[in-house]
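I would like the atomic coordinates for the input below:
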Amino acid sequence: MKRRAWANFPFHPGKWPFFYGWMILIWGSLGIIMSIPGQTMGVSVFTDSLLGSLHISRDELSFAYMLGTIGSSFMLPWAGRLYDRLGVRPTAVAAAVGLGLILIWLSNIDSLLSGWIATQATSAIVITLFVTFLLLRFFGQGVLTIVSRNMMIQWFDRRRGFATGFSSVFVSLAFSISPLFLFTLIEAYTWEGAWMVMALLVGLLFPVVIIVFFRNRPEDSGLLPDGRSPGEEVATSAKKKKILFPVIKEFNAAEAIRNFPFWVFALMMAMQALYFTGFTFHVMSVFAEAGLPDTMAITIFQPVAIIAVVVTLVASSVSDHIPLKYLLYFKGGGACLGILGVIFLGTTSWGYYLIIIGNGFMTGLYSVLATVTWPRYYGRAHLGAISGQAMMMIVFGSALGPMLFSRSLSYFGTYNVSGWLCFAVYFILTIMAFWADNPQKVLAERQG
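Numbers count the residues shown, from 1 in each chain. Sure, this is the predicted structure:
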């Protein structure tokens, strides 16, 4: 009862001029965009500044980032269960404020650690960075992303893929321009000032948006997903009664993680996090090692985003009508192309374009699959806990990426070793996708 009363504050979504789910797409997309400071895309632009100010090596920074991200990943299942219990607004506000406070800390980290920097207390600096990255990744990449995406999922059912496709387009565009935006912000206000500006936006202004406009589930306000009215009868004609992907069973988290398709989808997304985080975190170094300028490294995300947007629009539209494992095939193939581009970046002219095409397909399909898969395969009842388990694996993968790429360069003098390893794992997962059938379909076939 309390949640239902809170759902209609400060206004009733049912009194909005049109179905409020379309507004939820806007606010949920904004929530994911606000997580950028906690994403590798947002951290990578500050990497060289941190190395220069803290006087630590690239391996040491990558090690702290890896440990912090791994630590945050183990906290995400708990955060998912908390989201199921408390709802979207309390969880999102806590994540936004927490992210803002960590950004304030980061904006002053060189002065706060000046004593250790002067005495070259590298271990103490690395441990401090570990805790900092743990909280940064937990609040940003983890909680704020989970609650924003799950909120959008809750408001759509049969048109989920189509609706959230629009969100994915704006998120992809925002992520693609974020490195250039942050680079410009650093030039205008220094790297410390850039982090402070983001802290004010995320930690002070955005919680107001969350309180006013975020909503948990349409049912809490007497509405139904997709904008159907509560009194609307279920269609009686055979044509209208037909649901392509019915949810027969509401899986809990324990049941979901015992299901083979869960591991295929989650590992494919985790592998993308590993590869793309490693590439993004060291993007300027990757291009420098290939003999290419920093400007090419910073601007490569824009053409990637253009392809990702097109792929997202197409995939989100067809995802409501085809088995999701088909999209997984294209996602794996795109990833393999992008990785080959990284491997041959310094030796062939087409390596650069393979990165753009492959990463574009990979990231465009990720946006769709991360949104549509869990509710279609396992239902909405335990969405927070299930998506929290998947996000734990994704964040864990993102933790290993920067360290894997860094070690590859340190020990072998090239990023190619890490590239071939990522290629091999992606290829195997793409083969495994052939058996990643919807468990709801399997149940329906068993029931006759």
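
Buried residues of stretch 208-224, list them for me.
Residues of stretch 208-224 classed as buried by neighbour count (16 or more other C-beta atoms under 10 Å): Val209, Ile210, Phe213, Phe214, Arg215, Asn216, Arg217, Pro218, Asp220, Ser221, Leu223, Leu224. The way it works is simple: take the backbone N, C-alpha and C, and place the C-beta from them, glycine included.

ok, so what distance separates the second one from Leu421?
What that stands for is Ile210. 40 Å (C-beta to C-beta, to the nearest Å).

Repeat that for the fifth one.
If you measure Arg215 against Leu421 using C-beta to C-beta, the figure is 43 Å.

Then the third one?
Using C-beta to C-beta, one obtains 43 Å as the distance from Phe213 to Leu421.

Kindly report the same for Pro13.
Pro13 sits 48 Å away from Leu421, going by C-beta to C-beta.

Specify which residue of these two has the higher count of neighbours.
Applying other C-beta atoms under 10 Å to Pro13 and Leu421 shows that Pro13 carries more neighbours, namely 20 against 15.

That one against Phe214, yeah?
No: taking contacts as C-beta atoms under 8 Å, Pro13 lies outside contact range of Phe214: 10.5 Å.

Low-confidence ranges, the stretch 151-300 of the chain, go.
For the stretch 151-300 of the chain, the stretches flagged by pLDDT under 70 are 229-243.

Number of residues surrounding Pro375?
Neighbourhood size, Pro375 [other C-beta under 10 Å]: 22.

Determine how far whichever strand or helix holds it lies from the middle of the whole chain.
Assigning secondary structure by DSSP states H and E places Pro375 in helix 350-378. Put simply, helix 350-378 sits 11 Å off its chain's centre (C-alpha atoms, centre = their mean, to the nearest Å).

list the buried ones in it?
Neighbour count says helix 350-378 has 351-352, 354-378 buried, by 16+ other C-beta under 10 Å.

Give me the average confidence score over that helix.
For helix 350-378, mean pLDDT rounds to 91.

same for it, what does it pack against?
Other helices and strands packing on helix 350-378, by 3 or more C-beta pairs under 8 Å, 6 or more residues apart in numbering; DSSP states H and E, are helix 145-154, helix 160-200, helix 253-256, helix 260-281, helix 301-318, helix 324-343, helix 383-412, helix 439-446.

Of all these, which one is nearest Thr295?
Thr295 lies closest to helix 160-200 among the helices and strands packed on helix 350-378, at 10.0 Å (C-beta to C-beta).

That closest one vs helix 145-154, what angle?
Counting by axes from the mean of the first three to the mean of the last three C-alpha atoms, to 10 degrees, helix 160-200 lies at 150 degrees to helix 145-154.

For whichever helix or strand comes after helix 160-200, what is the distance to the chain centroid?
Using DSSP H and E, the helix or strand that follows helix 160-200 in sequence is helix 206-213. Per C-alpha atoms, centre = their mean, the displacement of helix 206-213 from the mean C-alpha position of its chain is 21 Å.
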